[in-house]
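Trainee: Okay, predicted coordinates and the sequence, questions at the end:
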Amino acid sequence: MDYEVLENEIVNKFQAWLTERSLTDFIDVKLIPENQAEFKQPTAKALVYVCYTGSKYQDPNSTSHIKQDEIVNVAFYILAKKLRGDGGSHQVTRQLKLCFMGYMPTNATRRMFISGYGEWKYEDNVIGPMIEFGMGAMNVQLPDNLPPV
């Protein structure tokens, strides 16, 4: 699974979800910035940053030709000026659950499920919880006789 492609697909999916429900005045979604200087604080809108956060691997299914299950985790870092109401952290969390619970990203082998929630922070008048979703993927060994690229 290409994690950069996955992050972009997730951002695009949630942006479309927000647009269809007329929530773009209250919630914005972006890829996590490349560096600290690019981080933005939320304004009137809640801001959701999306980021691949890691994987867990199962033991290979075979030793003659390696196939290995992977659980891929993607985090949504929520930055909001308030807890309740339009653009509040609770509304954002609810929309993320509705949008992604059971969603099957491209190249995934298992639908998305909630794998973690927490890291509540309150700093500089911003509430910042995180919700993490997992999904399945499969890693397969390339053939031994593959020609060079």
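Mentor: That came through, no problem. Residues are numbered from 1 along each chain as shown.
Trainee: Just the pLDDT for Thr53.
Mentor: We have a pLDDT of 94 for Thr53.
Trainee: Please read the previous query as pertaining to Asp69.
Mentor: According to the predicted model, the pLDDT of Asp69 comes to 87.
Trainee: what about it, which SS state?
Mentor: Taken by DSSP: H, G, I helix; E, B strand; the rest coil, the conformation at Asp69 corresponds to strand.
Trainee: Wait, it touches Gln58, no?
Mentor: Yes: at 4.2 Å, Asp69 counts as touching Gln58 under the criterion of C-beta atoms under 8 Å. For every residue, glycine as well, the C-beta is placed using N, CA and C.
Trainee: which one of the two has more residues nearby?
Mentor: Ranked by neighbour count (other C-beta atoms under 10 Å), Asp69 and Gln58 place Asp69 first, with 16 against 13.
Trainee: Can you name the residues bridging to that one?
Mentor: Listed by DSSP bridges, the beta-bridge partners for Asp69 are Met138.
Trainee: The residue nearest to Val48 when sequence neighbours are not counted: neighbour count?
Mentor: Residue nearest to Val48 in three dimensions, not counting chain neighbours: Val29, with 4.5 Å by C-beta to C-beta, 6 or more residues apart in numbering. Neighbours of Val29 under the rule other C-beta under 10 Å: 23.
Trainee: Go ahead and name everything in contact with the helix or strand of the chain with the lowest mean pLDDT.
Mentor: Scoring the helices and strands of the chain by mean pLDDT, DSSP states H and E places strand 122-123 at the bottom, with a mean of 74. When contacts are defined by C-beta atoms under 8 Å, 6 or more residues apart in numbering, strand 122-123 is touched by residues Gly128.
Trainee: What helices and strands are in contact with the very next helix or strand once past it?
Mentor: Using DSSP states H and E, the helix or strand that directly follows strand 122-123 along the chain is strand 126-127. Applying 3 or more C-beta pairs under 8 Å, 6 or more residues apart in numbering; DSSP states H and E, we find strand 126-127 packed against strand 67-79.
Trainee: Just the buried residues of the strand it packs on, please?
Mentor: Within strand 67-79, the residues that qualify as buried are 69-79, counting by 16 or more other C-beta atoms under 10 Å.
Trainee: For the residue most central in space within the chain, which residues count as its bridge partners?
Mentor: Taking C-alpha atoms, centre = their mean as the criterion, Val74 is the residue nearest the geometric centre of the chain, at 3.5 Å. In this structure, Val74 has beta-bridge partners Tyr52, Phe133, where bridges are defined by DSSP bridges.
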